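Novice: Need the 3D shape of this:
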Amino acid sequence: MLTENPRSIFSERKKWAELLFETFKVPSMCVGNTAPLSLFASGRTTGVVVECGAGLTSTVPVFEGLALTHASITTEYGGQDISLNLKNTLLGRNIQIDLFDSRILKERMCFVASTPVVSHHLSNSNSPEDSRVMSLPDGTEVKIENSIFSSCVEPLCSGRDLDNPARTISSWGLVEQTFQTIKLCDDSARRDLCQNVILSGGTSMLPGQMKFNTSC
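Specialist: Here you go, the predicted model:
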C-alpha cells in the first residue's frame, strides 16, 4: 500500500511500480491518494481535506470517495518552512539553533493567532505577557517574544511573509484557499463540502484558531 500527494504524477507512480515489482518482487500493490484516506479515517466519504504537511499544504475536495483533482490547490509551504522561518528569526537575534531544534521548538511553542498578527520587528511592547523565558535544547535560557511564534505561522494562514512583504507565499491564505477549492466544485456538492472540512497532517496540530467561515 503506497500513498501519494495530490501533485504526484504518473511517471512517479510508474517508477514506484517498477521498483516494487522488479526489485522487491511484490505480488501486488495499491496506490492511494492521501486526501480520501484521511477523509475515510474520519468516517466520511465526502468533504474537503486540508493537508498541512512538511513541504506542501493542499486543499483537496473529495466526493463520494473520489478526489476531485481539478479543484485541488497546493501551496509549497508547510511545517518545514515554518521551522526554517523560526530558525532564521532566532539566528537574527543571535540565538544559535539548528533546524532540528527549531522543529522541536515549533511543535512546542508555535501557534495560530486568532487575529492577524503584526511583524515582531514592528512590535515595541515590553509587557511580560508578550514574551516568555525559554530554555533552549543546550540549556541556555533566552527571552523570546510571543509574536515570533505566531508570525512564523502567519505565511501559511495569510499567504504573505510579515518579515519580508515582497515575498508572496501564495495568492490566498489557507482559509481562502479552501474557499477557492470549494468554488471550483459543482454547485450541488458545495453544501456537503462546506459541512465537512477535515484537517490532516502534523502542521495542522498547531494550537490556535483558524476559522473556516466559507459560504458558497
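
Novice: Pop the domain breakdown of this structure in here.
Specialist: 35-76+171-205, 79-158 (automatic domain parsing).

Novice: Can you list the strands that the helix or strand bottoming out on mean pLDDT in the chain pairs with?
Specialist: Every helix and strand of the chain was ranked by mean pLDDT, DSSP states H and E. The lowest is strand 131-135, at a mean of 79. For strand 131-135, the paired strands and their directions (DSSP bridges) are strand 141-145 (antiparallel).

Novice: pLDDT of the partner strand, averaged?
Specialist: Averaged over strand 141-145, pLDDT sits at 83.

Novice: what does stretch 112-128 give?
Specialist: Stretch 112-128 comes out at a mean pLDDT of 53.

Novice: And the most centrally placed residue in the chain, how close does it get to L206?
Specialist: Central residue of the chain (CA atoms, centre = their mean): C52, 2.8 Å from the mean position. To L206, C52 is 8 Å away according to CB to CB, to the nearest Å. C-beta: built from backbone N, CA, C; applies to glycine.

Novice: thinking again about what came up before, distance between the least confident helix or strand of the chain and the chain's centre?
Specialist: Here strand 131-135 shows a centroid-to-chain-centroid distance of 26 Å under the convention CA atoms, centre = their mean, to the nearest Å.

Novice: tell me which residues in that strand are buried?
Specialist: S131 (16 or more other CB atoms under 10 Å).

Novice: okay, now the residue lying closest to G79 once chain neighbours are set aside: neighbour count?
Specialist: Computed as CB to CB, 6 or more residues apart in numbering, the closest residue to G79 that is not its neighbour in sequence is T203, at 3.9 Å. Per other CB atoms under 10 Å, the neighbour tally for T203 reads 25.

Novice: The strand or helix carrying I82 to strand 141-145, inter-axis angle?
Specialist: Of the helices and strands defined by DSSP states H and E, I82 is found in helix 79-91. With axes from the mean of the first three to the mean of the last three CA atoms, to 10 degrees as the basis, helix 79-91 and strand 141-145 are set at 110 degrees to each other.
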